[in-house]
Each structure stands twice: as C-alpha cells, then as structure tokens.
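Visitor: How does the following fold in three dimensions:
(chains A and B)
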Amino acid sequence: MAATRTTTRKLTELLDPKFMARLDSLDVLSRKILQGKLQGERRSKRRGQSVEFADHRPYVVGDDLRFVDWNIYGRLEQLFLKLFLEEQDLTVHILTDASASMGVGDPSKDLFARRLTAALGYVSLVNSNRLTISLFADGVRMQLPQMRGRSYLSQMAEMLLTTECQGFSDFEKACQDTVAGRIGTGITIVISDFLFKQGYESALRRLIGAKYDLYVIQVLSPQEIAPDLAGDLKLLDIEDADTAEITVSSALIKYYQRNLAAYCQELNDFCVRRGAVYVRANSADSVETLVLNYLRRIRLLR
Amino acid sequence: MEWLTPLVGAYAAAVAIPLLLLLYFLKLKRRETIVSSTLLWKRAVQDLQVNAPFQRLRRNLLLLLQLLALIAMVLALAGPVLSLRRGPGQRYVVLIDRSASMNATDVEPSRLKEAKKQAKVFVESMRSGSVVSLRDVSDHAMVIAFDSHAKVMCNFTSDRRQLAAAIDAIEPGDGTSRLGEAVTVARAFAQSPGTDDSMRNPEAPARLVLFSDGRIGDLDTIVMASDELAFHKIGASGDNVAITAMNVRRSYEQPEQLEVFASLANYTSQTISRDVQLGIDGNVRTIRPITIPAATAGPEPSPGQVAVNFSLTHADDGILEIRQLTADVLTCDDAAWSVLEPPKRLSVLLVTAGNPVLESALRVCPIARLDPCTPAGFDAMDPAALAVQQPYDVIVLDNHVPAHLPRCRYVVFGAPPVGIDVNSPGELENQTIVDWRTRHPVLQYVNLMNLFAAKSWALNLPRDAEVLAEFNESPALALVRRQGSTFLLVSFDILQSNWPFEPGLVLFCYNALNFLAAQVGNIEQRELAVAEPIVIEGAVPETSATVVPPDGSEVELTADPSGTLRFAGTHRVGVYAVDVPDRPKRFYAVNLVDAQESRVEPQQEITFTSTTVEAAQQGVRRANVPLWPLLVLAALVLVCVEWLAYNLKVRI
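Guide: Numbering: from 1, shown residues only, chains lettered A, B, ... in the order given. Alright, predicted model coming up:
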C-alpha cells in the first residue's frame, strides 16, 4: 500500500488526479486492428473465438463446421460460416526525446513531453496494453519494456521523473534500437521536437511498418514558434555547441518562421504519405487539452 | 570658399574616418543566446542572405550615412567660409581709438566695446590664407590701439583668431587721442617686407580702417591720401559735462588756507544745472549747485563754461576731489583730484662771518627758522649728524669754504666749495651780467640787468652744471648737483656788488629757498596727466615698491640702480598710491581735464590736412558666410536618418 501511495504521489507530480480520472475512461486505439499476443480487450484482425461477431463468409471444404451459421442455412439452404473478431492486447511503444534540446523553452518542452508520455502510458497501462517507454537521446537511454497493468505505474513515474534530459540526439540510432526490441503489433508514438540535424526521414522509415501504427507528436516551445529575440546575437546550439551569428531583423524573423512552417509541413507530409499521423503541440498548451480533445479527435485514444 | 582651420579638420578626418571604418571591420560583440537548435536559424540566415540582396546594401547604407555625417562634422571643424569678397588679397591696418572719449556710454555698453565688436566683425570678414584655395587671396591685417600713443597689438597676419585676440586685448584708457603716431607706425609696418612669405608687394598701400568717434587732436597734422583710410564712426550723442580745469593752491600768507579753482564745461545744447561736490580724503566738505550755459552752435562750437572756486581750511595733507554729481555719458571727466601737501616751512642755517644784508634778506622769506652761525661753528658741527638728521633744509654759505660738506642743499656766495668738481682758477673784476635764464624758478621775477660785481670768482664748471646767469667772462649763477647735495653757486660776494641795493636780491633769496625746498620735500609732480609716468627718485636701488592704481589692483615696481622708481601705467584717471618701504605712502592724482577729449560728440567726418574722410554710411557687416552651422545641421540630419534606418532594420 505504501508503495502504491508513493507511486500515486509521484505520478501526480506529472499528472493531475482529476486528469487521471478522466484518462481512466480512455483507451488506446489502433487504426489498424492488430493482432496481439494475449487475448486482450481489443479486437484483432485475426478472426477467432470471440463473442463479437464480425462477418459471414461462404463455407469452403475443410472449414470448421462449428462456425457454420445454421440459422442462415435454415433460411437460405446455403452454408455460411460465422466469423468472430478475437479481442487481443495492443503493444504501445512510446519513444520520448530526452536530449538536451528538449530542456530549452519556457514552459519546457521536456516537461510537456514527459507529461504527455505519462498520460499516454497511463492510458495504456490501465487498459492492460503492453507498454514500452523509451527515453532517447543518442540512442535509447532508458527503457521500460513490456509493462502491463497498473502495477507498472510506479516504475513509469520513477523513470519519467528521474531521467535528466541531456546529450545530443541521434534519432536514427534510437529508432534502430527501438525497432530491434519491438515485438508483436501495436502503435508507436514518437514525442520529440524533431529538430534533428541529421534528419528524421530514414529513422521514421524504420518505425513505419505493417504491424505498427505510427504517431508523430512534435513538441515546440513558444520561443521556437515565435522568437522574441532582438539585437546582434550569437546563437548557441545546446546540443552540439554549434553557433549561428545573427542580427535579428524583421526579415530574419519572417524567414525563420517561414522555414519552421515549411519544416513542420515537410514532416507532416512525410508522415501522411506513409500512413502515419503527425501532431504538432506547443509546450505552452495544456497536456490535458491535447490528450482529451485532440488525440481523441484523431482517434489515437478512445 | 575658404577654410578657417583646415588643419584641425584634416587631423580630425585622419583620425575619425579610419576609426569608423575600423569599427565596421571589427567583429560585432554579440550576445550569446542558447537555443534548442541552430538548424532553422542557419537556414533562415541563408535564406535571408540569398533572398535579400539588399541586406548587405542596407548595412552599407548605415556605414554610408555614418561616413557622410562624420565627413560633415569634420568639414564643419575645418571651418569653411563662403567669401563674398572678390579680388586679390588686401592689407589692412585696424586702428582702434581707446582714448578717454571712447569710454562714453552713449553706445551700449561703451564706445570702445562697440569699436572692438565692429573691428572683430571686420577681421572675421577677411579672407584667410587657404591651403585648399587655388589662388592665394588672403587678406592681412594688423591691429593698432591708440590714445596719445600708439600700441601695436598685433603685426600683419592673416590669422583671424590672433587678430580677434589682439582686439580683445585692447584695454580702455583715459588718454587723449593722437592719431599721428599710429599712422606713422602703421605706414612703417606696412612698408617693411615683413616675415610672412605671402606678403604682397610692399609698395601696395595698406588700407587703414579707423574705429573712432572722430575726436582726434592732431588730425590737422596728418597727411592722408583720399582713399587710404576708412572711418567707422562709433558713438551717438555728445551730451557731456566735464571738469576741464582744476587748480589747488595754498595761500602764501596763511598756508593752511586752500584755494580751489575748477572749470566746468557743458557740451549739451541746453543750459543745465549741476551739483559740484568737493571732498577731502573721501569726506564731503561742500556741495555747490551751479548753472552751466549751453554750448554755442555754429562753425566753431564751443562748450558753455563756468568757473567755480572754493576756499577752505585744511592744514594737513590729503587728497582733494572735485566731482560733478550727475551721471553723463563719460564718467572719467566728471571728477578731478589733487594731492595736498601740508604747508612746508624751512629751517635755514646761515654760515657767515657777518653779513647783515643777506641775513635780513633771508629773514623776510617765509621760513620757520633762520640760525646764523660762524664759519668756525659750522666746521665744529658733526657732519654725519647734519647729513642724517637733516636739521636744516638749506645751508647758506657766505664766503666760506667748509672742510666738509654734509648732504644738504646749499646756497653758496663767493668762493665755490671744494670737492664738487668746480674749480676757481682765479678772481675777476668788474663783471656785469650779460645773460640770465629768466624762466628758471630761481630767477623768476628777478631782474639782473643792472647787477655789477666788483670782484668775482671765475668758475670752471663740470659739464652737467646748469648755468643760470653769466658774467661777461665767467658764469655768475650756477646749479651743481653732487653727492646727493644741490649747490646753488653765486660766484661773487654780494657785499662786493651792487646787489644789496637791487630788489632782485630778496626775490632771488625767496626763489632760491623755495626752489631748494622743493628738493627737500621732494615736491615732485603729484598731479599728472593721463599716461604721464610716476617718477620717484632717491629710493634705495633695487628696492621694490607697490603701486595701487584706482582700480585697486597692485603693481610691483623695482627701483633701478640709480634709485629711481618709474611707473608708466597711468592710463586711467584717479588716485594712484605708491608704497615705498620705509617712506610715507605717496599719492598721485591723474586727471583728464582736457576740453578736447571731453567733447565726445562723434564726428561725421574727419578732416586731415588735405582730405576729408566721411564716416562709413553703415556699420561693418560680414563679408563672408560661415558654413559650419549648415554642415553641423547636415550631420545632425544624417545621424537621425541613420538612426531611423537602423531601427527599421532591427525592429520587428
């Protein structure tokens, strides 16, 4: 009991109890109805022995006679087989960026990303899905694999609260690591600012596969969306200490914003073309709104 | 277009413009800001550089604007002047009258200041030697201030600052106006080759530019070519009342009685009433209202004059002041001062074997004491005590050649004393006077026409001796100064002549005692005209004395090796106090009392011997336009534009 209380208290540092209460009624939804390992609370593509009727199909020789719908045979004198949807569990991979760049911004992108991770993880765990959370920077730094059930809430909170965001980001390697450890089917959610100098395309391509839904959530801070800089500045990249000397002018700001919009649009297009879903979030917005409204609207949650 | 200070501008440009360019080449110190990624910023900068070709130009526009502003400022520093005068360079002599009449305040603040102001405008309008101009068209000028004497304030130069400083340095004076010396000096300087390389042909006459009220005393002695001089009249009105004469005298009979005479002149066209105040040592003794008639107009105008005399009793020394109490345009002639001496009575020692004629002649003189003494008695006196204590002012030696001569004043009858460089080669007989100096104070009112000496001594006098009367073969009366003593030599025994029967003997004795007494009390000239030097003799060599002029400042003087103190700075009227160590303080009164100088009405034209010069119709105006204010304005506008451009570039 004591441990649970600690967990709850720790998790409440990330998520509001009221918010958690509302998350209880949600579940992770896969657009592709995917096959799970255990019989879970989810429809899988594999028709099987389940209570939920799916479809009929004409009988062919060799089919199990137990699934013949005799009522239809009585009416139509034709053999039809009853098909049932088998409910299976869903594997949810959350890949959260914990590189140094996430620590920049006010309010911090990092906190936003972790709260979002905690909310999605909470939903997954309470709905008995198989949950893997990976925090990545230059590769996966921390990973809680294959969690299932509420008992893992404490571990999840522990990891999200204790891991610092540091180091440069190597998204490609992180994805490699993730894909290597991914088993079964499910959905993959990537939460990051996607400001990777070496690009995100090949890395995302690795994540997109027949068995997995991909959700790309890009978190940007208000300062990145609308910079409030002025004067002659030397911009210092927090990850690789790269510098850019700028003299802030209205033209420069205009070009920056145009570039940012193009960058986000490119990411969006990349995702849409590959059947992934792209979501852009502002770290100044509330996680609750994002989760309860927007993610439900795009049917990531139900 | 000329440049006043091209070098200053060149130096400033040499320093400032490379500095500005250097600043542009220096790396900007940028503020460091941490961002999550420079990815998008770099792209934005690239886009900016690629898509905005005017960006570099905009930065350069700032540089261009700054450069233009800087150049405008530097040009302003170089002092460009647009000259409106044409033709080759001229030479001018600026003559500024600083005589008493130029202190009149009918022009605010005073005529001299107005003259200096106009002279400076004139000087600033000159064209300067330019390093930029192709032709050398610079004007040169010199500045001379004059009252009764001319003072060169600045030799020929084209440096307008130096000329302006020289004009500023002219001090007002209370002297009379005399232009002759100034013109002589000006012509002498104008014809000398000078040191300036750019001097023009010395034959080319320099133009004289006179700033004066035209009241100049010696115009009729100066020959002036018709176009040689330009006259700028300074002054507006001539309403002045002045004290034009003053004399103070003690009565012979009652020495404590003072007789004061003064003459006041009215230069206005109305009869006026004024109060005249007489004071001694600052204490007002009497105030008398007087009425002065108006000046008479006509071709020979003369001021209305009135004489006042006061009679009062004052037995001490002091400073007597007469002042007319209503302020007018000229203040320096409203008062006159006189230094009063206490009445002096002489003590006389008569050394004689017995000469009742001489004794009775001396006794009728106004002297305090006459001590007769025998030659033996005189020789027995201590010469040192006689020299130091000076119990006698005059010693009369009658036919006695003493063994020693203590420092004193002597009247010697008969054989000359030994040791004063006077030899007597022998005796002469039957001498009559052939000539005498009637103007000498000793022989005032003395008629020697009938003087006959049966016996006299021939005198061989030193060269510096003063012969007052001559017999046909030898000097009869002579004045010799030796070893601090004064000897009035009479080369005959009066009992061997017919002088006792002449009235001239008593007059001679009276004059001789008065003359020698003047040497006693050092009754030197205590009332001086302006610019007349104060001379004090008999001071210890190398001693320093202090002179306090009327303005209260202190001037240190040092006596020259012969023991003479000289102070020439009596340029203002008033009382000058001289403090010589170990002596009572002396006072000297410097008065204007000059009817010509008090006539302050400015002259519309001045007449020289052959020519008449009209005053210039209008005041001196600038003949050039300084351009630096325009350049400064341009620099200001450029800086504003630059600031705007910068803000447009930076602000979002």
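Visitor: Count the residues that sit near B:Pro549.
Guide: B:Pro549 sits with 19 neighbouring residues when counted by other CB atoms under 10 Å in any protein chain shown. C-beta here means a position set from N, CA and C on the backbone, and glycine is covered the same way.
Visitor: So which bits of stretch B:617-630 are buried?
Guide: Buried positions in stretch B:617-630, judged by neighbour count with 16 or more other CB atoms under 10 Å in any protein chain shown: B:Val620, B:Ala623, B:Asn624, B:Leu627, B:Trp628.
Visitor: so the residue of the stretch 201-350 of chain B found nearest chain A bridges to which residues?
Guide: Ranked by CB to the nearest CB, the top residue of the stretch 201-350 of chain B for proximity to chain A is B:Val209, at 60.4 Å. Here B:Val209 shows beta-bridge partners B:Val94, B:Ala230, assigned using DSSP bridges.
Visitor: what pLDDT does it get?
Guide: Confidence at B:Val209, expressed as pLDDT, is 89.
Visitor: how far away is it from A:Ser283?
Guide: Distance of B:Val209 to A:Ser283, given as CB to CB, to the nearest Å: 85 Å.
Visitor: Make sure B:Leu39 is actually in contact with A:Leu195.
Guide: Yes. Using CB atoms under 8 Å, B:Leu39 makes contact with A:Leu195 at a distance of 5.4 Å.
Visitor: ok, these two, which is more surrounded?
Guide: A:Leu195 (26 against 20).
Visitor: Can you tell me the closest non-neighbouring residue to that one?
Guide: Excluding the flanking residues, the one nearest A:Leu195 by CB to CB, 6 or more residues apart in numbering or on different chains is B:Ser37, at 3.9 Å.
Visitor: count of residues packed around that neighbour?
Guide: Using other CB under 10 Å, B:Ser37 has 25 neighbouring residues.
Visitor: Same check on B:Pro18?
Guide: When neighbours are counted by other CB under 10 Å, B:Pro18 registers 10.
Visitor: So between B:Val209 and A:Ser283, which is more surrounded?
Guide: Between B:Val209 and A:Ser283, counted using other CB under 10 Å, A:Ser283 has the larger neighbour count: 26 against 22.
Visitor: Any regions of the stretch 101-250 of chain A where pLDDT drops low?
Guide: Filtered on pLDDT under 70, the stretch 101-250 of chain A yields the residue ranges A:210.
Visitor: Mind jotting down where the strands sit in it?
Guide: With DSSP state E, counting those that start in this stretch, the ranges of strands along the stretch 101-250 of chain A come out as A:130-137, A:139-147, A:186-192, A:212-220, A:232-237, A:243-247.
Visitor: Would you format those as TSV with distance to chain B and mean neighbour count included?
Guide: Shown next, in TSV, are the strands of the stretch 101-250 of chain A (distance: least, CB to the nearest CB, whole Å; neighbours: other CB atoms under 10 Å in any protein chain shown):
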stretch	distance to chain B	mean neighbour count
strand A:130-137	13	25
strand A:139-147	18	17
strand A:186-192	11	26
strand A:212-220	9	24
strand A:232-237	4	18
strand A:243-247	4	18
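Visitor: got a markdown table for these, with distance to B:Val639 too?
Guide: A markdown table is the format used below for these (distance: least, CB to CB, whole Å):
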| stretch | distance to B:Val639 |
| --- | --- |
| strand A:130-137 | 51 |
| strand A:139-147 | 56 |
| strand A:186-192 | 49 |
| strand A:212-220 | 41 |
| strand A:232-237 | 20 |
| strand A:243-247 | 20 |
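Visitor: center of the chain, which residue is that?
Guide: Reading this off chain A. Nearest to the mean C-alpha position of chain A, counting by CA atoms, centre = their mean, stands A:Ile189 at 1.9 Å.
Visitor: hm, I was asking about chain B
Guide: B:His571 (3.5 Å).
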